[in-house]
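*Asks:* Need the 3D shape of this:
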Amino acid sequence: DVRGRASRTGEGLDAAGRRLRHAWLEKVRRHYRADRIALAHHLDDHVETLLMWLGRGTGLSGLVGIPPVRSRIVRPLRELRRADLRAECERKGWNWLEDPTNAEPVTARNRLRRDVMPALEDALGPGSIERMGAMSARAVVERAALEQFGADFLDRSLIRSASHELEVDREQ
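*Replies:* Numbers count the residues shown, from 1 in each chain. Next comes the predicted model:
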């Protein structure tokens, strides 16, 4: 009951649905003693997420978009376009399940998918979605470098930690 959860928690429909799906998938993972959960997010999903974060005025963290790996969740299809995946499924005679609510213009993501993504490609030209994915990949590397720099700085600069206070050597 996604709508019920969203109503109870104050989350948006997308966030409530994601939490419920992930909780269910985690139960399935544990039941089958699997190491990972592979999700089928693709490049179009990823760029939709980037656009949502940009609209919120994100910093570097939002430019990461949908991470390729987070804890036990992996997204092996994240760099492939939706149309290419669909064409490959058709070529191999595979069926796929399309959530009918994805076509409803109720959520911001669905409106981005239906209206903005095609207009973006039309305005910026072929390869624009792929270039946004590459930009996000650079953000992943840059964010990791900043996190490592911060950790290294603290390791070098820590003098002592007492009474829940942190002292650093300004000369470092």
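*Asks:* can we go C-alpha only for contacts and neighbour counts from here?
*Replies:* Fine.
*Asks:* Just name the shakiest helix or strand of the protein by mean pLDDT.
*Replies:* One helix or strand of the chain scores below all others by mean pLDDT, DSSP states H and E: strand 158-162, with a mean of 63.
*Asks:* Surely residue 41 and residue 74 touch.
*Replies:* No: assessed by CA atoms under 8 Å, residue 41 is found out of contact with residue 74, at 9.3 Å.
*Asks:* which of those two has more neighbours?
*Replies:* residue 41 (20 against 17; other CA atoms under 10 Å).
*Asks:* Would you double-check that the more buried one falls in a strand?
*Replies:* No: under the criterion used here (DSSP: H, G, I helix; E, B strand; the rest coil), residue 41 is coil, not part of a strand.
*Asks:* Start at 17, not 1
*Replies:* OK, 17 is where the count begins now, so the last one is residue 57.
*Asks:* Do a quick rundown of the strands in this structure.
*Replies:* For the chain, the strands defined by DSSP state E cover 53-54, 85-86, 89-90, 174-178, 181-184.
*Asks:* Now do the phi/psi pair for the residue most central in space within the chain.
*Replies:* For the chain, the residue nearest the mean C-alpha position is residue 82 (1.4 Å; CA atoms, centre = their mean). Main-chain torsions, residue 82, degrees, to the nearest 10: phi -80, psi 110.
*Asks:* is it true that it touches residue 65?
*Replies:* Yes: A contact is recorded between residue 82 and residue 65 when judged using CA under 8 Å, the distance being 6.8 Å.
*Asks:* Near the residue nearest to residue 57 when sequence neighbours are not counted, how many other residues are there?
*Replies:* Take residue 57 and drop its neighbours on the chain: the residue closest to it by CA to CA, 6 or more residues apart in numbering is residue 94, 5.4 Å away. Neighbour count for residue 94, taken as other CA under 10 Å: 21.
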